[in-house]
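Asks: I would like to see how this sequence folds:
(chains A and B)
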Amino acid sequence: MIWNRPMETLSRNELAALQLQRLKAVVERVYHNVPAYREKMQAADLTPRDVRSLEDLRRLPFTVKQDLRDHYPYGLFAAPMREIVRVHASSGTTGNPIVVGYTRKDLDTWSELIARTLSCAGADADSVVQVSYGYGLFTGGLGIHYGTEKLGATVVPMSGGNTQRQIKLMQDFGATHLACTPSYALYLAEAIKEMKIPREKLRLKAGIFGAEPWTEEMRRELEYRLQIMAIDIYGLSEVMGPGVASECPVKNGLHIFEDHFIPEIIDPVTEEPLPYGEKGELVFTTITKEGFPVIRYRTRDISVLHGEPCSCGRTHVRMEKVSGRSDDMIIIRGVNVFPSQVESVLLKLGLTEPHYVLVVDRVGTLDTLEVWVEVSEKLFSDEVRNLEKIERKIQRELESLLGITAHVRLVEPKSIERSEGKAKRVIDRRKK
Amino acid sequence: MKVQQISVFLENKSGRLSMLTKVLRQEKINIRALSIADTTDFGILRLIVDQPDAAYLMLKRSGFTVSHTAVIAVEIPDHPGGLAEILDILAGAEINIEYCYALPQKSNDKALVIFRVERLDEAIRVLLEKGVGVLKEDSVYGI
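Replies: The predicted structure follows:
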């Protein structure tokens, strides 16, 4: 089922022509309406007239998350507030939240993209979609909600949590499609099993799962436990929210809706664009958004683009399931370690707003991990043994969480480089 | 009787101590005594200065992690067994010493030792009872 057959099956040439026309328009828009973009372009000695072909895209400067924080809240909006009808925002746990704004037309586009996504999962006007993504400032809930209405299906706006009730209504209302994070879907599956609800009581056919990276193993688990088709969806609020890309039933990568977004893969270190088939960081340029367009936004998500035609008939390029984040995961002695895990330990120990960095090295053939934690006023004790006690405590907690030993080292405040978009949570000194 | 000691967290990195002393020089703060407790990764610098409040403020402003600690400055007879007498008194009162360090005294023939002890008030009391010279803070800052 293809929601917008003309657009989703455009020939590559037609698509390129459409993209170029839209790219020119959006560059004009940000150049004239957003001082930050104009300044960046001027610094690079560029004007909108310099964008003559799609290849010229790579001459434009990147946009990074810090740019969004720096212009909190509305500084990067490209439409007057009178035309902005909705805002969404990130939680802002690590600084200023990221705020994005939508015009009425943006909401229409977004809904269209979710309708496409749901169609990818086999939904239509007869479907009942249970939306168990959180509603509110997070883009997941409301994004899928309006897209479901656009599709003409019935939306059950459950939002997250309240698992017993989710499952009761899932049976009573006959939900055919479930939209939530894969981890919550797994939780629901376990609860359904515990409640001893026979599968015949459920009409579920498919799930559209996103908002966190998940693996093929997780897909097998979900498809087996819930007896559904599990579809990976992709999006981020900086670019749109859910609806940037979706798997089709072929499940061989996620189609990026290229009539609205131009994807690139770059080498995260050299920032050079990479060809299809090579692994790198995903970069998006929105070419139809009015309220909050982004030019070459660095997502930090690691993926690969594939251009070969898909047997589903859609011509849009496919991205592989996101395999990690360029600034995030490290593998130490075969164990995946995320800085966020370290962060959670520090937070658990009451070391709020911790500044830390993971230093990975190799001694002989053995990988070593050091965690540097800045000493805060609160942490500082005049007695060596107290400080050492803190080091040991962090070390023990990390060991029980990660299963590997990390040497914890207290360092001076402000000695860890502060992030300017390129989050420096990891210093990897191993020879590649 | 309680002397303000400034404690600073120092990473084991070249130039840090030098940077710190530059800050003090700029502010015309004079160091009376110092000691460093160090581990493999970091050290704690303990300072007695003539203007503890100003030192605290300026070091903090310069980005150091600083804290105040109350210590006592004890005059010790400068002869063999002098320190033992004092420690004996504290041990008798079951007062633990966290750390101590000595500083030179120009004016008389007594040695001066800085003690960081648990139960500070009690320590002062027992020392005074035994006739030991516990210095007033002003006299320490002004040495």
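Asks: Can you list the low-confidence ranges for the stretch 51-200 of chain A?
Replies: A:91-95 (pLDDT under 70).
Asks: go again using 80 as the cut-off
Replies: A:91-96, A:183 (pLDDT under 80).
Asks: Nearest to chain B within chain A, name that residue for me.
Replies: Nearest to chain B in chain A, going by C-beta to the nearest C-beta, is A:Asp382, at a distance of 4.0 Å. Just so you know, the C-beta spots here come from the backbone N, C-alpha and C atoms, and that holds for glycine as well.
Asks: B:Leu24 sits in which helix or strand?
Replies: For B:Leu24, the enclosing helix or strand under DSSP states H and E is helix B:16-26.
Asks: Could you give me the buried positions within that helix?
Replies: B:16, B:20, B:23-24 (16 or more other C-beta atoms under 10 Å in any protein chain shown).
Asks: hey, where'd the strands end up in chain B?
Replies: B:2-11, B:31-38, B:42-49, B:66-77, B:97-103, B:110-117, B:133-134 (DSSP state E).
Asks: Including distance to chain A, mean pLDDT and mean neighbour count, could those go into a markdown table?
Replies: Compiled in a markdown table, the strands of chain B are given as follows (distance: least, C-beta to the nearest C-beta, whole Å; pLDDT from 0 to 100; neighbours: other C-beta atoms under 10 Å in any protein chain shown):
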| stretch | distance to chain A | mean pLDDT | mean neighbour count |
| --- | --- | --- | --- |
| strand B:2-11 | 4 | 92 | 22 |
| strand B:31-38 | 5 | 89 | 17 |
| strand B:42-49 | 5 | 92 | 22 |
| strand B:66-77 | 5 | 91 | 20 |
| strand B:97-103 | 6 | 90 | 16 |
| strand B:110-117 | 8 | 90 | 20 |
| strand B:133-134 | 20 | 90 | 16 |
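Asks: Can you say which of those strands is nearest to B:Leu87?
Replies: Nearest to B:Leu87 among the strands of chain B is strand B:97-103 (7.5 Å), distances taken as C-beta to C-beta.
Asks: Just the angle for the closest one relative to strand B:31-38, thanks.
Replies: Angle of strand B:97-103 versus strand B:31-38, following axes from the mean of the first three to the mean of the last three C-alpha atoms, to 10 degrees, is 140 degrees.
Asks: what is the orientation angle of strand B:97-103 with strand B:42-49?
Replies: With the same axes, to 10 degrees defining the directions, strand B:97-103 sits at 60 degrees from strand B:42-49.
Asks: From the rest of the structure, what touches strand B:97-103?
Replies: A:383, B:32-33, B:35, B:37, B:46, B:48, B:73, B:87, B:90, B:111-118, B:143 (C-beta atoms under 8 Å, 6 or more residues apart in numbering or on different chains).
Asks: Same question for stretch A:33-49.
Replies: A:24, A:27-28, A:30-32, A:59-61, A:67, A:70-71, A:75-79, A:295.
Asks: Could you list the buried residues of it?
Replies: A:33-34, A:37-38, A:40-41, A:46, A:48.
Asks: Which phi and psi values does the residue sitting furthest away from the middle of chain A adopt?
Replies: Ranking residues of chain A by C-alpha distance from their mean position (C-alpha atoms, centre = their mean) puts A:Glu383 at the top, at 43.8 Å. In terms of degrees, to the nearest 10, the main-chain angles of A:Glu383 are phi -110, psi 130.
Asks: Okay, it and B:Thr39: tell me how far apart.
Replies: Distance of A:Glu383 to B:Thr39, computed by C-beta to C-beta, to the nearest Å: 11 Å.
Asks: Would you mind listing what in chain A touches chain B?
Replies: Residues of chain A found near chain B, taking C-beta under 8 Å from any C-beta of the partner chain as the criterion, are A:375-377, A:380-384, A:387-388, A:391, A:409-415.
Asks: Mark which of these are buried, thanks.
Replies: Judged by 16+ other C-beta under 10 Å, buried ones among the residues of chain A next to chain B: A:375-376, A:380-382, A:384, A:387-388, A:391, A:409-413.
Asks: what would the residues you listed look like in CSV with secondary structure?
Replies: As requested, these are exported to CSV (DSSP: H, G, I helix; E, B strand; the rest coil):
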residue, secondary structure
A:Val375, coil
A:Ser376, coil
A:Phe380, coil
A:Ser381, coil
A:Asp382, coil
A:Val384, helix
A:Leu387, helix
A:Glu388, helix
A:Glu391, helix
A:Arg409, strand
A:Leu410, strand
A:Val411, strand
A:Glu412, coil
A:Pro413, coil
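Asks: ok, A:Arg325 - contacts?
Replies: A:Arg325 touches A:213, A:300-302, counting by C-beta under 8 Å, 6+ apart.
Asks: Okay, domains of the chain per the record?
Replies: I'll assume chain A. Listed by the TED database, the domain ranges of chain A are A:1-325, A:330-428.
Asks: That was the other one, I meant chain B.
Replies: B:2-69, B:70-141.
Asks: Tell me how many other residues surround A:Gly136.
Replies: Using other C-beta atoms under 10 Å in any protein chain shown, A:Gly136 has 13 other residues around it.
Asks: does it sit in a helix, a strand or a coil?
Replies: What three-state DSSP gives for A:Gly136 is coil.
Asks: how close does it sit to A:Gly143?
Replies: 11 Å.
Asks: again with B:Ser62
Replies: B:Ser62 is 48 Å from A:Gly143, by C-beta to C-beta.
Asks: Of these two, give the one with the bigger neighbour count.
Replies: More crowded of B:Ser62 and A:Gly143, by other C-beta under 10 Å: A:Gly143, with 28 against 15.
Asks: Could you say which helix or strand holds that one?
Replies: Going by DSSP H and E, A:Gly143 is in helix A:139-151.
Asks: and the helix or strand containing A:Arg220, how far from the chain's centre?
Replies: For A:Arg220, the host element (DSSP H and E) is helix A:216-226. A distance of 21 Å separates the centroid of the chain from that of helix A:216-226, by C-alpha atoms, centre = their mean, to the nearest Å.
Asks: Pull out the buried positions in that helix.
Replies: For helix A:216-226, by 16+ other C-beta under 10 Å, it's A:218-219, A:221-222, A:225-226.
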